[in-house]
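Participant: pasting a predicted model and its sequence here:
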Amino acid sequence: MNTSVMLGVACMQTLSGIIVGAFEPLASGARSEEAYRALFGTLTLVLLVAVAIYSRSQDVRPSEEMKARQMT
């Protein structure tokens, strides 16, 4: 798997932990609804930014040489 993808996954997991950890746990030890609202709101924002960036990228079709390499 691509190293940058794995780095992104690690960053998102760390960010998730920081966001949820910023809220005080309930008496049962679970986190509050507000903690998860903040987490999912942040994940939504990150996803929207990523889609906005990706939607501006150009679709480049593989060359004939590349197609030939994939066939072998």
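Facilitator: Ah, there it is.
Participant: can you give me the helices for this protein?
Facilitator: Secondary structure of the chain, counting by DSSP state H: helices at 3-21, 33-55, 64-71.
Participant: show me the one of those helices that comes nearest Ala27.
Facilitator: helix 33-55 (14.5 Å; C-beta to C-beta). Using the backbone N, CA and C atoms, a C-beta is placed for each residue, glycine as well.
Participant: against which helices or strands is the closest one packed?
Facilitator: helix 3-21 (3 or more C-beta pairs under 8 Å, 6 or more residues apart in numbering; DSSP states H and E).
Participant: quick one: the helix it packs on to chain centroid distance?
Facilitator: Relative to the centre of its chain, helix 3-21 is centred 8 Å away, using C-alpha atoms, centre = their mean, to the nearest Å.
Participant: need the CA coordinates for it. CSV is fine.
Facilitator: Extracted in CSV, the C-alpha atoms of helix 3-21 (Å, rounded to 0.1, in the frame of the first residue of the first chain):
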residue,chain,number,x,y,z
THR,A,3,3.1,5.1,2.2
SER,A,4,1.3,8.4,1.9
VAL,A,5,-2.1,6.6,2.3
MET,A,6,-0.8,4.8,5.4
LEU,A,7,0.5,8.1,6.8
GLY,A,8,-2.9,9.7,6.1
VAL,A,9,-4.7,6.9,8.0
ALA,A,10,-2.4,7.3,11.0
CYS,A,11,-3.0,11.1,11.0
MET,A,12,-6.7,10.7,10.9
GLN,A,13,-6.7,8.1,13.7
THR,A,14,-4.5,10.4,15.8
LEU,A,15,-6.8,13.4,15.1
SER,A,16,-9.9,11.3,16.0
GLY,A,17,-8.3,10.4,19.3
ILE,A,18,-7.4,14.0,20.1
ILE,A,19,-10.9,15.2,19.3
VAL,A,20,-12.7,12.6,21.3
GLY,A,21,-10.2,12.8,24.1
